[in-house]
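J.: I'll drop the sequence and a predicted model, then ask my questions.
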Amino acid sequence: MGMKLAKCFCRLSAALTCALLALTASAQSNLLNVSYDVARDFYKDYNPLFQKHWKALTGETIELRQSHAGSSKQVRAVADGLEADVVTMNQASDVDFLAEKGLVARDYAKRFPTNASPYTSTMVFIVRQGNPKALKDWSDVVKPGIQVILPHPKNTGNGRYTYLAAWGYALKQPGGNERTAQDFVSRLLKNAPLFAAGGRDATTTFMQRKIGDVLISFESEAELIAREFGKGEFEVVYPSWSILTEFPVAIIDKVVDKKGTRKQAQAYLDFLWSPTGQENAAQNYLRPRDAALLKKYAQQFPPIRTFTVDDTFGGWARAFPTHFKDGGTFDQIYQLK
């Protein structure tokens, strides 16, 4: 009898333990961050830092999940029902799209510091070791016979920034105007043997498939390539002018209110501006907003003249429909390619 009672007690104790564990697990928060393609490594490093911070601050264990692809593909997935708690994108037009759908606050850029972009970057040229084609500026990459690798400008932030960087460079040349800029970008696109699906696909095409003479990508991508392929495989070239790239973040209000994760989502994004978050940005070759940290890492961030989407194109609200919506300048150029 005593043995039976002991066995019953053990079974009951095990069941209660399992139930308690299940209850504890269900009580833990989880966040889904839907992000652009080449942000994988940054958030791979960032997430454990935030989890440690949140655990120390609240005692809560938080599960963080990631989704990465081309930025426009990602925001369409969120608009179609992918339950992201937060989005961390590489251009404002994609977050604006979600705001138009009522998923993000229209004033999202004012809800965080520095226009809701915790760090910046710019577009650079990644060329073969020794720079055999002597590519030094935008005028070189549009020469006949040069193969340029970039993501699709209609579907990716990386591709759009490259397109606008070339357009802005052309405007700054003597006699530059909208007509000469369109002709210049037309020559750039003619040199693209293909359009990659996203920034990481473009890197794979250039580094693994050995297609192209130059990959145009974010400055931060160069360090990720070095980690994977070694620094002896390529060189980084800074053109005379490039574009300042920003990376806006936002909370998906409907999802966090449904899940009860607004507090965690807010803290997750706020932490990007913390000293730890800014240090992580610099270590991933993204230019931190913190001036002291930017100075600390000055050696890896050479000075470069940049222009902004706001200054040169009147903001994304104007640049996107002009260049990338159906019938815009990209379509006009591509039909003639």
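T.: Thanks, I have it. Numbering: from 1, shown residues only.

J.: Mind listing the strands the helix or strand containing Glu235 pairs with, and their directions?
T.: Glu235 belongs to strand 234-237 when assigned by DSSP states H and E. Partner strands and pairing direction for strand 234-237 (DSSP bridges) are strand 119-128 (antiparallel).

J.: Convert the strand holding Glu235 to CSV, retaining C-alpha atoms only.
T.: Taking Å, rounded to 0.1, in the frame of the first residue of the first chain, the C-alpha atoms of strand 234-237 are listed here in CSV:
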residue,chain,number,x,y,z
PHE,A,234,37.9,41.6,-52.1
GLU,A,235,38.6,45.3,-51.5
VAL,A,236,36.2,48.1,-50.5
VAL,A,237,36.1,51.3,-52.6
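
J.: for the record, mean pLDDT for that strand?
T.: Averaged across strand 234-237, pLDDT comes to 95.

J.: got the contact list for it?
T.: 124-131, 135-136, 207, 214, 219, 222, 225-226 (CB atoms under 8 Å, 6 or more residues apart in numbering). Just so you know, the C-beta spots here come from the backbone N, C-alpha and C atoms, and that holds for glycine as well.

J.: so how far is Lys136 from Phe307?
T.: Using CB to CB, to the nearest Å, one gets 19 Å for the distance from Phe307 to Lys136.

J.: Equivalent analysis for Leu293, please.
T.: Distance, Leu293 to Lys136, by CB to CB: 29 Å.

J.: same deal with Lys110?
T.: 40 Å.

J.: Show me which of the two is the more surrounded one.
T.: Taking neighbours as other CB atoms under 10 Å, Lys110 and Lys136 compare with Lys136 leading, 15 against 10.

J.: now the more buried one, what's its secondary structure?
T.: Following DSSP: H, G, I helix; E, B strand; the rest coil, the label given to Lys136 is coil.

J.: Which residue is the nearest non-sequential neighbour of it?
T.: Leaving out its chain neighbours, the residue that sits closest to Lys136 by CB to CB, 6 or more residues apart in numbering is Val237, at 6.2 Å.

J.: Count the residues that sit near the one you found.
T.: 19.

J.: Quick check: it vs Gly102, distance?
T.: Distance of Val237 to Gly102, given as CB to CB: 43 Å.
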